[in-house]
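1. Turn this into a structure:
(2 chains)
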There are 2 protein chains.
Amino acid sequence: MMFWNQEIETLERGKLEQLQLQRLNKTLLQAANAPFYKDKLTDSAGRPVQLKSLEELAGLPFTEKKDLRAGFPYGHLATPRRDVVRVHVSSGTTGVPTAVYHTQSDLDNWTDLVARCLYMAGMRADDIFQNMIGYGLFTGGLGLHYGAERLGAMVIPSGVGNTSRQLSLIRQFAVSAVHVIPSYALKLLDSLREMKLDPRDLGLRLLIVGAEPYTEEARQRIEHSYGAFACNSYGLSEVNGPGVAFECPHKNGMHLWEDNYILEVINPETLEPVADGQQGELVLTTLCRQAMPLIRYRTRDLCTVLPGPCACGRTHRRISRIAGRTDDMFIIKGVNVYPMQVEATLMGFKEVGNDYVIVLTNDGPVDYMTVRVEIAERYRTMDSETMAKLSQRLGRALRDELLVSTRVELLPPESIPAVVGKAVRVDDRRKH
Amino acid sequence: MMFWNQEIETLERGKLEQLQLQRLNKTLLQAANAPFYKDKLTDSAGRPVQLKSLEELAGLPFTEKKDLRAGFPYGHLATPRRDVVRVHVSSGTTGVPTAVYHTQSDLDNWTDLVARCLYMAGMRADDIFQNMIGYGLFTGGLGLHYGAERLGAMVIPSGVGNTSRQLSLIRQFAVSAVHVIPSYALKLLDSLREMKLDPRDLGLRLLIVGAEPYTEEARQRIEHSYGAFACNSYGLSEVNGPGVAFECPHKNGMHLWEDNYILEVINPETLEPVADGQQGELVLTTLCRQAMPLIRYRTRDLCTVLPGPCACGRTHRRISRIAGRTDDMFIIKGVNVYPMQVEATLMGFKEVGNDYVIVLTNDGPVDYMTVRVEIAERYRTMDSETMAKLSQRLGRALRDELLVSTRVELLPPESIPAVVGKAVRVDDRRKH
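-> Coordinates of the predicted model:
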């Protein structure tokens, strides 16, 4: 059996769009219960907005992160409070927090979507799955946990941190699949080397990799080192968390579940749609959520809709890996730079190790970008002349990619300290 | 409606015991699938052991923590591995880890038991519940989380740590119920005082307090400070985790769910049963577990079966709060001491603050016990003469309780650093 839900996953395009329209109109009615949408989804005569075609969706306003903040805590809640059984709250480090609500039916649906993703990636009931990611308010932990349990895998809820314990558990239970953020998957390689363990001897066959953007070059490193499929996972807490889009073993983009979401890709400046194959900001409309439907939510994640069908037989369209977040972009010397462009360039060099950080400084009006990057363990004893040449080669490659001159500082292996949770890729020390 | 499951909770004693015997025999058959129990639960003719009465259970051998360690990882697993959907692993800080397995049916049953407990404590679907306890491998977080979701409360999975964030969430969402370990409930009082907040203004009406032993004196402090019901919760990871026994609002002991567990209380030295009302070690036999049935499991927790019926109408017997763990007991000058005896004495003094630690040292063959204890905030400015007298009074009270002389060292409020997770009550620095 190849599918978790064959009928839905291979639904003929016309029927899929028919289902979308039907669910969209139901969602518009439901959303109108939320204070934020009440006026937006009611026409001048007080009648609820209902659409005749999916194209008409483009006439409705966007929803943005700042709307969620402004509506905190209950502005987007579309059900009575007593029907809510879970709330995930963002940390609000950048300001006011945001809250995302779920009814029992929402959780069931989310869980089923994650199980569908994991099944597509190749996980089965006889897999032993270690969930090496944060539990609690962060949606990655509980989201994958529920989905893997539903699928019937044996779940080890190991959470974050304590590398030596994580590795012990993998070996003691002969773990076959893990969920991990990409920067930690790379950091673990250093710990394994110190313990004189070959990552391939762990016997992992599947790494679910998500929760932060990373590059194809980093994925190839992970796959080569562990000898396993590193499967890309995409989601965002405002739209449940993991389970929005996932790779199938063909590894040509992530299937986005169009029975649950309507996807649009827009130019983040003009807000106009971009053509398939062109990069833009992903915009999602939920189709099955009760507690907190979102209409045309601007994810701030940059991706491309990939053209053509997938050999796996699923009819749901694929998006490219996330090229970056509009939030992560920084401007240096008037040029827009995404950390993922830097990573893609660095990871193409075999001499480059598993961690890096981009440091931004200024001296009066002049900005400087320095990329501090670890060299790979097997080049630890590189002589100073070779190092100087490597710095130059990296600097040139970065300038060619970014169109900005960059200083490169080579560091010994493992000199950048590990962090618990998502990696911090940009250290902006500029005084403005 | 007073009950989560009226029929089971108020089942007439004779019928309850009939149900126990029937489930026990089913459990014995199931347990015999595990390597550890195979020989123990098969007679010399190779027939499975089946009992004619509950009294015959006393003829079966005990199961101990060390058996779980020796059988790690799969010695106690009684189902095929592919039927397992969750494993909780103990940290193994004291040696080899232990693993506890659950099928989907086990998780459903555990979740229902926790919902039953929370409903008994007064939680309802319109409660807003903050689960301020560790998620992941620790059973307290996921156990209460699943149960509260099943009950239909709005669950905020805040996890441990980050006190200011915990307090923000309580206030932003008007949280009505929390799950907290007792030492953290006391520590929070200090943070609230610093923020010049009255704990009663938080508006909590229910604190579920568990995961570490604490005294009635500490409970009264918590209830008085927050103006809320502090409900005692009992469980242990080997037997799921939370959900084994819980208080009803009559607060006269914790109802232990006898449809799921057979309880015995034994003298930990002679291993003979003690009479109701006498303190001993709690021994539990599971009646509904598939993946990992336990027969006569020695919990190492000390308690008393409380005689007489409860006014709430539930027929399941009550155990006293846990007086200590046989593991926590230490011997000083030949006398057995439990940390809870020290806490009960200290918390009886209004001048005593919210944290303490017992330090054991020696000088050659002579042992010394020093109790380092914070004074309460409102006595911060106490003069040295009064302090000396207070030390003496505490020292006398401790000696009367413990029958061992004790040094008392008074500390300023909040001078003992907060720990993440369970409080460390004994610091044994003796060199042997």
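
2. what residues does the helix or strand hosting residue A:346 touch?
-> Here residue A:346 sits within helix A:339-347, counting by DSSP states H and E. Residues outside helix A:339-347 that contact it (CB atoms under 8 Å, 6 or more residues apart in numbering or on different chains) are A:213-218, A:220-221, A:322-324, A:328, A:352, A:356, A:358, A:371, A:373, A:394, A:397-398, A:401-402, A:425-426. In short, each C-beta sits where N, CA and C put it, glycine included.

3. Assumed residue A:361 was part of a strand.
-> Yes - secondary structure assignment places residue A:361 in a strand (DSSP: H, G, I helix; E, B strand; the rest coil).

4. who touches it in this structure?
-> By CB under 8 Å, 6+ apart, the neighbours of residue A:361 are A:367-368, A:370, A:429-430.

5. re the thing from before, can you go through the contacts of helix A:339-347 and name the buried ones?
-> A:213-218, A:221, A:322-324, A:328, A:352, A:356, A:358, A:371, A:373, A:394, A:397-398, A:401-402, A:425-426 (16 or more other CB atoms under 10 Å in any protein chain shown).

6. Off-centre distance for the helix holding residue A:346?
-> 17 Å (CA atoms, centre = their mean, to the nearest Å).

7. for it, which positions count as buried?
-> Buried-residue list, helix A:339-347, by 16+ other CB under 10 Å: A:339-347.

8. out of the residues you listed, which one sits closest to residue A:259?
-> residue A:340 (29.3 Å; CB to CB).

9. Residues in a beta bridge with the residue nearest to that closest one when sequence neighbours are not counted, which ones?
-> In this structure, residue A:340 finds its nearest non-sequential neighbour in residue A:324, 4.7 Å apart by CB to CB, 6 or more residues apart in numbering or on different chains. With DSSP bridges as the criterion, residue A:324 is bridged to residue A:302.

10. Correct me if wrong: residue A:324 contacts residue A:299.
-> No - Residue A:324 is not in contact with residue A:299 according to CB atoms under 8 Å; the separation is 11.9 Å.

11. where are the low-confidence patches of the stretch 251-400 of chain A?
-> For the stretch 251-400 of chain A, applying pLDDT under 70 flags no range at all.

12. and the residue nearest to the spatial centre of chain A, what does it touch?
-> Centroid-nearest residue in chain A, with CA atoms, centre = their mean: residue A:234, separated by 3.9 Å. The contact partners of residue A:234, taken as CB under 8 Å, 6+ apart, are A:210, A:242, A:244-246, A:254, A:256, A:301, A:319, A:322.

13. Chain B contacts on the stretch 1-150 of chain A?
-> A:72-73, A:81-89, A:91, A:97, A:99, A:101, A:104, A:107, A:125-126, A:128, A:135-137, A:141-142, A:148-149 (CB under 8 Å from any CB of the partner chain).

14. Of the residues you listed, which belong to helices?
-> Judged by DSSP state H, helices contain the following of these: A:104, A:107, A:141-142, A:148-149.

15. Could I get the full set of helices for the stretch 251-400 of chain A?
-> Along the stretch 251-400 of chain A, counting by DSSP state H, counting those that start in this stretch, helices occupy A:339-347, A:384-402.

16. Export those helices as JSON lines, with columns for distance to residue B:279.
-> Below are the helices of the stretch 251-400 of chain A laid out as JSON lines (distance: least, CB to CB, whole Å):
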{"stretch": "helix A:339-347", "distance to residue B:279": "61"}
{"stretch": "helix A:384-402", "distance to residue B:279": "70"}
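
17. Now do the same for whichever residue of the stretch 151-300 of chain A sits closest to chain B: helix, strand or coil?
-> Residue nearest to chain B within the stretch 151-300 of chain A: residue A:159 (3.3 Å; CB to the nearest CB). The assignment at residue A:159 comes out as coil when based on three-state DSSP.

18. That one: neighbour count?
-> By the measure other CB atoms under 10 Å in any protein chain shown, the count of residues near residue A:159 is 26.

19. ok, now the one 4 residues further on?
-> Neighbour count for residue A:163, taken as other CB under 10 Å: 18.

20. That one: what's its closest spatial neighbour, skipping adjacent residues?
-> Nearest one to residue A:163, counting by CB to CB, 6+ apart, is residue A:191 at 4.9 Å.

21. Check residue A:145 too.
-> Using CB to CB, 6+ apart, the nearest residue to residue A:145 is residue A:131, at 5.4 Å.

22. my guess is that neighbour contacts residue A:160, does it?
-> No - counting by CB under 8 Å, residue A:131 does not reach residue A:160; the two are 9.8 Å apart.

23. list the contacts for residue A:15?
-> Applying CB under 8 Å, 6+ apart, no residues qualify as near residue A:15.

24. phi, psi of it?
-> phi -70, psi -40 (degrees, to the nearest 10).

25. Counting neighbours, what do you get for residue A:275?
-> By other CB under 10 Å, neighbour count at residue A:275 equals 10.

26. again with the one 5 residues further on
-> By other CB under 10 Å, the residues close to residue A:280 number 22.

27. And residue A:311, by the same measure?
-> 10.

28. Not counting residues beside it along the chain, what's closest to it?
-> residue A:250 (5.4 Å).

29. Regarding that neighbour, what is its secondary structure?
-> Applying three-state DSSP: residue A:250 is coil.

30. dump the residue contacts of it.
-> Residue A:250 touches A:310-312, counting by CB under 8 Å, 6+ apart.

31. likewise residue A:337?
-> A:329-331, A:369, A:402, A:404.

32. circling back to that earlier point, can you tell me which of the contacts of residue A:250 lies nearest to residue A:8?
-> Out of the contacts of residue A:250, the member with the shortest distance to residue A:8 (by CB to CB) is residue A:312, at 13.9 Å.

33. Show the model's pLDDT score for the residue nearest to that closest one when sequence neighbours are not counted.
-> With sequence-adjacent residues excluded and distances taken as CB to CB, 6+ apart, residue A:312 is closest to residue A:248, at 4.5 Å. If you check residue A:248, the pLDDT there is 97.

34. give me the number of residues near residue A:248?
-> 23.

35. List phi and psi for the residue nearest to residue A:145.
-> Per degrees, to the nearest 10, the backbone of residue A:131 is at phi -100, psi 90.

36. From residue B:91, how far off is the closest residue to the residue of the stretch 151-300 of chain A closest to chain B other than its chain neighbours?
-> Nearest residue to residue A:159, sequence neighbours excluded (CB to CB, 6+ apart): residue B:136, at 3.3 Å. Relative to residue B:91, residue B:136 is positioned 11 Å away (CB to CB, to the nearest Å).

37. do the same with residue A:337
-> Counting by CB to CB, the gap from residue A:337 to residue B:91 is 43 Å.

38. next one: residue A:304
-> The value you get for residue A:304 to residue B:91, if CB to CB is used, is 45 Å.

39. got it, and residue A:47?
-> From residue A:47 over to residue B:91 (counting by CB to CB), the distance is 60 Å.

40. try residue A:220
-> On the measure of CB to CB, residue A:220 and residue B:91 end up 35 Å apart.

41. before we move on, the earlier item: let me see the contact set for the residue nearest to residue A:312.
-> Counting by CB under 8 Å, 6+ apart, residue A:248 has contacts A:120-121, A:255, A:310, A:312, A:314.

42. Using PyMOL, define a selection of the buried residues within the residues you listed.
-> Per 16+ other CB under 10 Å, the buried members of the contacts of residue A:248 correspond to this PyMOL selection:
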select buried, chain A and resi 120+121+255+310+312+314
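
43. Tell me which two of the contacts of residue A:248 sit farthest apart.
-> A:121 and A:310 (13.7 Å).

44. Show me which parts of stretch A:89-108 are buried, residue by residue.
-> A:89-90, A:97-104, A:106-107.
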